[in-house]
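J.: Predicted model and sequence below, questions to follow.
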Protein chains: 4
Amino acid sequence: MSEPLRAVYFNGTLTPSPSESHTELLIEASADILRQQGVQVDVVRAVDHVIAPGVQPDMTEHGASEDAWPALWELVLRADIIVLATPIWLGNLSSVMRRVIERLYAHSGELNDAGQSIFYGKVGGAIVGGNEDGMKHVSAELVYALQHLGCVIPPQADAGWVGEAGPGPSYGDELDDGSRAGFDNEFTKRNLTIMAWNLLHMARMLRGGIPSEGNDRNAWERGSRFGFHNPEYR
Amino acid sequence: MSEPLRAVYFNGTLTPSPSESHTELLIEASADILRQQGVQVDVVRAVDHVIAPGVQPDMTEHGASEDAWPALWELVLRADIIVLATPIWLGNLSSVMRRVIERLYAHSGELNDAGQSIFYGKVGGAIVGGNEDGMKHVSAELVYALQHLGCVIPPQADAGWVGEAGPGPSYGDELDDGSRAGFDNEFTKRNLTIMAWNLLHMARMLRGGIPSEGNDRNAWERGSRFGFHNPEYR
Amino acid sequence: MSEPLRAVYFNGTLTPSPSESHTELLIEASADILRQQGVQVDVVRAVDHVIAPGVQPDMTEHGASEDAWPALWELVLRADIIVLATPIWLGNLSSVMRRVIERLYAHSGELNDAGQSIFYGKVGGAIVGGNEDGMKHVSAELVYALQHLGCVIPPQADAGWVGEAGPGPSYGDELDDGSRAGFDNEFTKRNLTIMAWNLLHMARMLRGGIPSEGNDRNAWERGSRFGFHNPEYR
Amino acid sequence: MSEPLRAVYFNGTLTPSPSESHTELLIEASADILRQQGVQVDVVRAVDHVIAPGVQPDMTEHGASEDAWPALWELVLRADIIVLATPIWLGNLSSVMRRVIERLYAHSGELNDAGQSIFYGKVGGAIVGGNEDGMKHVSAELVYALQHLGCVIPPQADAGWVGEAGPGPSYGDELDDGSRAGFDNEFTKRNLTIMAWNLLHMARMLRGGIPSEGNDRNAWERGSRFGFHNPEYR
């Protein structure tokens, strides 16, 4: 019997535990679907950890007095599914999420045994929540980073909630009528569901990895070109 | 024996045929690799076609006197691989590429027999060329759009070339020493190669489609929730 | 007595006249304030004009059979205020607005008598409308382009309306209760007002132009450096 | 005699002092011009300070054990010119710069005596450096944030340096021939110069502030509408 799939969600909220995080509510809605299917889920509230600034795998080797990243990286390394989840401030992702991306990026030079980026075989997705505007732009930033690092992005791998223009309630806030902001939004519910299942489907399809022909960077270094040549010009 | 894979590249250059397009040089470097592996490739220089403004599949049904899109859509429909390729102007993708995205988006409500977005089972990638700056931002816009529509994005599905800050030669321009701008750039060559192969690998893996559990929008309409429920709150 | 101020609004809707444009409703709310203060306002629905693709001031000199841009450029040239207004499709500005930006960019090399970019002395703003999400990202793209060309951006020069996540009514659409979407939004109303007034205030302050010391590109070409030297390094 | 103008540069480098920062080299080239004109300049390397996560003016009042922001805010408050300077990682601004923006944003509800955003009367600009690609996108994010908060953006208020696609030297790195990367780039030098002077020109023009008609939020709260009414619809 095969190992269960593993997923890691990074929560980029600016609010340390144990305070409530609206972003975590969105994460829970998504993670719950994966757990029902047997996926082992880790959720990391990044702001609870001292993640040093820098673009090296372990910043204590570069002068930082403390760095929680190497331990968090272990969760990434064994995960089949990586989800970056963030609130929106001034139309963009949080400083805490940006820090997570920088530290993931620190590993972009690492290769697996097939000479591929160490992220190959993992799938990635984005969850974004805000009280207004910015979900698509922030998702684009997250999804771009994940595929650039080497993750596969399943179809419709972005989901979340934002309200109407202007200040307003965040996802899950109690409204005057006792309901919760965003909980009735069909679009949010459907997209969270589709995204969770597509992460699952793709992770299962990638269990055997991705063939290394053409993406083996060690072979490229040794001179293989896999059919590439510069274009003809007139 | 199975059908050969098909790819369609959209070239968003502002320059009509038969003038040279720098973007097309990048396309050719990529398409050549796919052709060597038996993929049937269509390249559409969008500016050569009268693609009507609008977000409906056929704008002649909405007042446009002419619309080349329905014929181009046939190429998309049968393609396994969609690559959006664009030049950069003022740091962003071209108006011609934006038009292509709008018309792809016009089909976002169409479903296949499994109730999935009509783009399911296709893989997408981005090629970006400019004389300076903007490759990553434009790639993010392209990759985001493709995954939002329903394509799978393979690892490292963005490639291209930009020069140093400030006006300068475009990809393929002859330099003073007789060489061609960008042709010696290892990063550009390697990434074009990795991207082409990863499009191929993923397209092969997706030949059987993506399981429809959780992403069947017809079932969702009928009330299936695939395990989704709103999060608990404190 | 001084000449009245002039403003030009470009509407990037995909819908030709005489059909209604939601974006035009937002424009009218803004332009109305300027008109009350004596500003002469032109509104250009760009999709009604054949604006050729390209990055030259007059594309008929570069093979285009038709080009409405040179006539539209006259409106820009005499305007004190330029407002770019666009709908959002798939999280981004329209192909029609992108085309307008490309053609504005075609004039980026033109200088006024003081050796400054031809856009100096003009102020710029952004209006964005959509049925959901994207206002801030699109505003950032518009405002960036305008300041890069040489416009001054007043404080809080972006305004508009978007609804909650998911498909929904556009600005001005009639709702079930007979009200109009967005018309009750205090944030939208206040920001449209602040923006209009700030465009006006800054345009008045810039009536005498901007001093040319340091930004005179002719002088730079002739060797003036205005105090610049490369930084010291250790 | 009037007070000298004041400028504050925020450096978003991930590298703490005393290590060298490429971004600081770009800052110095810019600040040097301002200093020559009598501007008093503060440069803040944000990573050297413990700036707490959050969107309140003083996070020690919201559970943080330490927060350097309130002291840094004093520098912003008295500055006429604010420049946000950042390196690029994975095509975007740094987590440290994002943190600075979040904390500036925490003051977006504060008003001056005229009922205007507390940022009114200040001018803003962006400096961006990277070894490749991303300058325009990052500048757009920075410039957008500054104008949204209430700063005026002068013409051409973005400057910096990036190299050709792919890993390479950063600004100021010593090259094989003993020269420094970017130091010969005319575009970088000219734009840093134009930007510095335009910050200066606009700051001088804004010494008397911006008229408050139409942007007085206290008056808006009390019911003034400054000519705004919802658009007519058909």
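T.: Perfect, thanks for sending it.

J.: Can you name the element that comes right after the lengthiest strand in chain A?
T.: Assignment by DSSP state E gives strand A:81-89 as the longest strand of chain A. Reading on from strand A:81-89 to the C-terminus, the next helix or strand found by DSSP states H and E is strand A:92-93.

J.: starting at the chain centroid, how far to that following strand?
T.: On the basis of C-alpha atoms, centre = their mean, to the nearest Å, strand A:92-93 sits 14 Å off its chain's mean C-alpha point.

J.: close to chain B, is that strand?
T.: No - using C-beta under 8 Å from any C-beta of the partner chain, strand A:92-93 stays clear of chain B, with a minimum separation of 12.3 Å. Where you see a C-beta, it was placed from the backbone N, CA and C, and this is true even at glycine.

J.: what mean pLDDT does that strand have?
T.: Mean per-residue pLDDT for strand A:92-93: 98.

J.: For my notes, confirm residue A:97 occurs in a helix.
T.: Yes - using DSSP: H, G, I helix; E, B strand; the rest coil, the assignment for residue A:97 is a helix.

J.: what about the longest strand of chain A, average pLDDT?
T.: Strand A:81-89 shows an average pLDDT of 98 in the prediction.

J.: Is it positioned near chain C?
T.: No - Strand A:81-89 lies apart from chain C when judged by C-beta under 8 Å from any C-beta; the minimum separation is 8.6 Å.

J.: Could you list every helix and strand that the longest helix seen in chain A packs against?
T.: When chain A is parsed with DSSP state H, its longest helix is helix A:186-205. Applying 3 or more C-beta pairs under 8 Å, 6 or more residues apart in numbering or on different chains; DSSP states H and E, we find helix A:186-205 packed against helix A:22-36, strand A:81-89, strand A:123-129, strand A:158-161, helix B:217-222.

J.: Of these, flag the one that's most buried.
T.: Among the helices and strands packed on helix A:186-205, strand A:123-129 has the highest mean neighbour count (mean count of other C-beta atoms under 10 Å in any protein chain shown), at a mean of 30.

J.: could you dump that one to PDB, C-alpha only?
T.: Coordinates of each C-alpha in strand A:123-129 appear next as PDB, following Å, rounded to 0.1, in the frame of the first residue of the first chain:
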ATOM      1  CA  VAL A 123       1.800  20.400  -7.000                       C
ATOM      2  CA  GLY A 124       1.000  23.900  -5.900                       C
ATOM      3  CA  GLY A 125      -2.000  26.100  -5.200                       C
ATOM      4  CA  ALA A 126      -3.100  29.500  -3.900                       C
ATOM      5  CA  ILE A 127      -5.600  30.700  -1.400                       C
ATOM      6  CA  VAL A 128      -6.300  34.400  -0.900                       C
ATOM      7  CA  GLY A 129      -8.600  36.200   1.400                       C
END
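
J.: residues contacting residue A:51?
T.: Taking C-beta atoms under 8 Å, 6 or more residues apart in numbering or on different chains, we find residue A:51 in contact with A:67-69, A:72, A:99-100, A:103.

J.: Now go through those and say which are in helices.
T.: Per DSSP H, helices hold the following members of these: A:69, A:72, A:99-100, A:103.

J.: hmm, which of those are the buried ones?
T.: Burial by neighbour count, judged by 16 or more other C-beta atoms under 10 Å in any protein chain shown, picks out A:69, A:72, A:99-100, A:103 from those.

J.: Please convert these to JSON lines, extending it with distance to chain B.
T.: Output for those, formatted as JSON lines (distance: C-beta to the nearest C-beta, whole Å):
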{"residue": "A:69", "distance to chain B": "22"}
{"residue": "A:72", "distance to chain B": "21"}
{"residue": "A:99", "distance to chain B": "19"}
{"residue": "A:100", "distance to chain B": "17"}
{"residue": "A:103", "distance to chain B": "18"}
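
J.: filter the residues you listed by proximity to chain D?
T.: residue A:99.

J.: which two from the buried ones among the ones in helices among the contacts of residue A:51 end up farthest apart in space?
T.: Farthest-apart pair in these is A:72 and A:99; separation 10.9 Å (C-beta to C-beta).

J.: which residues do those two both contact?
T.: With C-beta under 8 Å, 6+ apart as the test, residue A:72 and residue A:99 both reach A:46, A:51.

J.: which bits of chain A sit near chain D?
T.: So chain A meets chain D at A:14-16, A:19, A:47, A:53-55, A:63, A:89-96, A:98-99, A:101-102, A:105, A:141, A:144-145, A:148 (C-beta under 8 Å from any C-beta).

J.: Who is residue A:11 paired with across the strands?
T.: residue A:45, residue A:85 (DSSP bridges).

J.: Please disregard the earlier target; I meant residue A:153.
T.: Going by DSSP bridges, residue A:153 is paired in beta bridges with residue B:153.

J.: wait, doesn't it sit right on residue A:123?
T.: Yes - under the criterion of C-beta atoms under 8 Å, residue A:153 lies in contact with residue A:123, with a separation of 7.2 Å.

J.: Against residue A:94, how distant is residue A:45?
T.: 12 Å (C-beta to C-beta, to the nearest Å).
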